[in-house]
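Q: Could you look at this predicted model? Sequence included:
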Amino acid sequence: MIAMPKELHDAVRSQEEPVRLTDLETATEYVVVRADLFDRLKGFVFTDEPLSADEQQALLVRAGLRAGWDDPAMDVYNDLDPRRQP
């Protein structure tokens, strides 16, 4: 466990809402919430059940889009697919 710096401790204690932090090197935002609130929320977000085939497919599609596979310049790879008939 990491000890909370005084500046963060003061911010958490003075606000009723979760505290937002920004990593100055990456501009990534984080949210600090109490552990009991996180434990309640994670039941809504995380599940122990495996993903269905549809959920897996949706994740793969989104990952491909983030990687740029929807770029028209990538269409050249369709011609390289040996499963496609010319």
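A: Done, it's in. Numbering: from 1, shown residues only.

Q: Name the single longest helix found in the chain.
A: For the chain, the helix with the greatest residue count under DSSP state H is helix 53-66.

Q: quick one: contacts of the helix or strand just after it?
A: The C-terminal neighbour of helix 53-66 among helices and strands, as given by DSSP states H and E, is helix 76-79. Contacts with helix 76-79, where a contact means Cβ atoms under 8 Å, 6 or more residues apart in numbering, come from Arg84. Heads up, the C-betas are built off the backbone N, CA and C, glycines and all.

Q: tell me the contacts of the closest residue to Glu29 other than its chain neighbours?
A: With sequence-adjacent residues excluded and distances taken as Cβ to Cβ, 6 or more residues apart in numbering, Glu29 is closest to Thr22, at 5.4 Å. If you count contacts by Cβ under 8 Å, 6+ apart, Thr22 has them with Thr28, Glu29, Tyr30.

Q: Just the CA trace of the helix or strand where the last one lies, in PDB.
A: Read that as Tyr30. Taking DSSP H and E as the criterion, Tyr30 maps to strand 29-32. Output of strand 29-32 as PDB, limited to C-alpha atoms (Å, rounded to 0.1, in the frame of the first residue of the first chain):
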ATOM      1  CA  GLU A  29      -6.600  11.600 -15.200                       C
ATOM      2  CA  TYR A  30      -7.300   9.400 -12.100                       C
ATOM      3  CA  VAL A  31     -10.100   9.500  -9.500                       C
ATOM      4  CA  VAL A  32      -9.500   8.900  -5.800                       C
END
